[in-house]
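[1] Model the structure of this input:
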Amino acid sequence: MSSISITCSDLSFAWPDGSAVFDGLSFAVGAGRSALVARNGVGKSTLLRLIAGELAPTRGSVQVSGRLAYLPQDFALAVDRRVDEVLGIAGARAALRAIERGDVREERSAAVRDDWAVEERARATLDRLGLPHVGLDRRVGQLSGGESVLLGLAARFLWRPDVLLLDEPTNNLDLQRPAADHGAGVVPGRDDGGQPRRAVPARGRRHPLAPAGTAADRDRPAVSTTASTSRESLYDQRRSARRRVRQDP
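    Just a heads-up that it's a prediction; the model follows:
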């Protein structure tokens with residue numbers, strides 16, 4: 001992958017009423033952690049939305065190397081959603097339960113998408129973000145505002161992005177967590193070893209957000225998705241993936 005993660009060229013943006021936010025902005029963000037620090041109202045969130053593709057520039061272009069994930073400042077979740085739904089693993093969990101009951105149809109294996117340790121990865125991610133008490137079947141409405149933000153961040157880590165954008169990532173976090181100066185974070189999603197990086201708030205102050213990926217993600221074996229796949233073979237695949245997650249903390 002290129003050492004340049006994000007490139008903005010001659011970027012200009014104006015709101016429909018003609019209010020200009022940027023005019024001819026050009027910059028590049030290299031591999032490594034970066035932070036955008038500026039006073040309120042100058043357009044930090046607008047810039048991140050442009051990079052994330054949520055807004056279209058009036059002029060110029062944005063290029064991002066690899067997969068991008070974005071956690072917005074006003075992040076919110078529907079209170080009736082389950083944690084596994086937010087993490088994007090509900091379908092895979094249901095397929096794993098069906099396989100354990102003896103249903104080895106092709107669509108079940110396809111729903112797992114070769115991620116036989118998906119529950120273990122999700123559990124490890126939540127634990128490392130300080131949410132060991134949050135079960136995969138809990139509802140969002142049972143979580144605090146800070147826990148919901150961390151849950152959203154966990155979901156983005158599970159996507160395994162190459163670039164992760166965090167807009168004021170410490171907003172709404174519980175008071176017992178260290179505070180940090182406000183700012184917009186531009187964080188490569190992975191380091192050279194393939195693991196998602198720790199999220200670092202603006203101005204370089206550390207926050208206890210740990211990497212979610214493991215070497216098991218890179219070494220996961222390919223799995224046949226044919227209808228003839230045996231129940232025992234699928235069990236073996238899952239047991240093997242679970243062992244790798246446990247052995248690579």
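
[2] C-alpha only now, for contacts and for neighbours.
    Will do.

[3] And Leu164, how far from Ala69?
    Computed with C-alpha to C-alpha, to the nearest Å, the distance linking Leu164 and Ala69 is 5 Å.

[4] When these two are compared, which one has more neighbours?
    Taking neighbours as other C-alpha atoms under 10 Å, Leu164 and Ala69 compare with Leu164 leading, 25 against 21.

[5] Quick one: the helices in this protein, in order.
    For the chain, the helices defined by DSSP state H cover 44-52, 83-87, 90-100, 106-112, 118-128, 145-158, 215-219, 231-247.

[6] rank these by pLDDT, which is bottom?
    Among the helices of the chain, helix 215-219 carries the lowest mean pLDDT, a mean of 33.

[7] So which residues make contact with stretch 8-19?
    Applying C-alpha atoms under 8 Å, 6 or more residues apart in numbering, the external contacts of stretch 8-19 come out as 20-28, 56-63.

[8] For ChimeraX, write a command that selects the buried ones of these.
    This is the ChimeraX syntax for the buried subset of these, where burial follows 16 or more other C-alpha atoms under 10 Å:
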select :22,56,57,60,61,62
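
[9] Cross the contacts of stretch 8-19 against strands and list the overlap.
    The strands, defined by DSSP state E, take in 20-28, 59-63 from the contacts of stretch 8-19.

[10] Where is pLDDT lowest across those?
    Phe22 (89).

[11] Can you tell me who the residue nearest to it when sequence neighbours are not counted pairs with across the strands?
    Counting by C-alpha to C-alpha, 6 or more residues apart in numbering, Phe22 lies nearest to Ser12, which is 4.8 Å off, once chain neighbours are set aside. When assigned by DSSP bridges, Ser12 has beta-bridge partners Arg59.

[12] go on, Val29?
    Taking DSSP bridges as the rule, Val29 bridges to Ile6.

[13] thought it was touching Ile6?
    Yes. Under the criterion of C-alpha atoms under 8 Å, Val29 makes contact with Ile6 at 5.0 Å.

[14] Looking at these two, which is more packed in?
    The neighbour count for Val29 versus Ile6, taken as other C-alpha under 10 Å, is higher for Ile6 (21 against 18).

[15] That one: what's it in contact with?
    By C-alpha under 8 Å, 6+ apart, the residues touching Ile6 are Ala28, Val29, Gly30, Ile51, Val62, Gln63, Val64, Ser65.

[16] how about the first one, what does it touch?
    Right, Ala28. Here Ala28 is in contact with Ile4, Ser5, Ile6, Thr7, Cys8 (C-alpha under 8 Å, 6+ apart).

[17] let's see 7 Å
    By C-alpha atoms under 7 Å, 6 or more residues apart in numbering, the contact list for Ala28 reads Ile4, Ile6, Thr7, Cys8.

[18] same deal with the fifth one?
    Contacts of Val62 were listed using C-alpha under 7 Å, 6+ apart, and they are Thr7, Cys8, Ser9, Ile51.
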